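*Asks:* coords please:
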Amino acid sequence: MGLYKYLSKIWQDNRAETKGILKERLIKWRKEPAITAVGKPTRLDKARRVGYKAKQGITIARVRIATGGRQRRSLSKGRKPKRYGMRKFSPVRSLQAIAEQRASKKFPNMEVLNSYYVAEDSKSKWFEVIIVDKHHPAIMNDKDISWITNVRGRAERGLTSAGKKSRGSRRNVAKAKPKRSKKEKSRIKKRRG
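*Replies:* Presented below is the predicted three-dimensional model:
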């Protein structure tokens, strides 16, 4: 087995030592801002699999996303409280796609390449987003990644792997989209029939 096989195996095993290390990290990460630029990837095996290279112009951003139902913006006009529909609203995009979008907004001069899951607790999920400075000479001269210099707004348009998955644009993704609540399903049914 190679190095990355061993690294992925360590992350999969539920050993007491790894649990302790992860717990310490989560305590530290909770105190950090929601979007933080990180020097090196936490999960090197996963980062390499989704396109990370240790070279100039490629950076990692750790993004914290709150789990659970979303909340809509407050509505300006009057209505019954029952029809207000503010809480327990499920977003169309996955949390990973939302994390990519937020990282893209935080670093406007960079383009999102890909992202991967790192950890979660009862309130939040953490993702590490690989962002690329497309104007950096090292990126422009690299034949493997220079294609990103001609692309704009990958995360916003749902062209990353997580974005495609939540849009249903990949193969065998009949059940990949976030689930709709019963309320939403009945509303759509009434509209159609």
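*Asks:* when you work out contacts or count neighbours from here on, use the C-alpha atoms and nothing else.
*Replies:* Fine.
*Asks:* which stretches of the protein form helices?
*Replies:* According to DSSP state H, the chain carries its helices in the segments 3-12, 16-31, 44-49, 95-106, 137-140, 161-167, 182-192.
*Asks:* JSON lines for those helices, including mean neighbour count and mean pLDDT?
*Replies:* Shown next, in JSON lines, are the helices of the chain (neighbours: other CA atoms under 10 Å; pLDDT from 0 to 100):
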{"stretch": "helix 3-12", "mean neighbour count": "12", "mean pLDDT": "84"}
{"stretch": "helix 16-31", "mean neighbour count": "12", "mean pLDDT": "89"}
{"stretch": "helix 44-49", "mean neighbour count": "16", "mean pLDDT": "91"}
{"stretch": "helix 95-106", "mean neighbour count": "23", "mean pLDDT": "95"}
{"stretch": "helix 137-140", "mean neighbour count": "16", "mean pLDDT": "94"}
{"stretch": "helix 161-167", "mean neighbour count": "22", "mean pLDDT": "85"}
{"stretch": "helix 182-192", "mean neighbour count": "10", "mean pLDDT": "78"}
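*Asks:* nearest to Arg62, out of these?
*Replies:* helix 95-106 (8.3 Å; CA to CA).
*Asks:* starting at the chain centroid, how far to that closest one?
*Replies:* Average the C-alpha atoms of helix 95-106, do the same for its chain, and the two points are 6 Å apart (CA atoms, centre = their mean, to the nearest Å).
*Asks:* distance-wise, check the residue most central in space within the chain relative to Ala103.
*Replies:* The central residue of the chain, meaning the one whose C-alpha is nearest the mean C-alpha position (CA atoms, centre = their mean), is Gln96 at 2.4 Å. Summarising the geometry, the distance separating Gln96 from Ala103, computed by CA to CA, to the nearest Å, is 11 Å.
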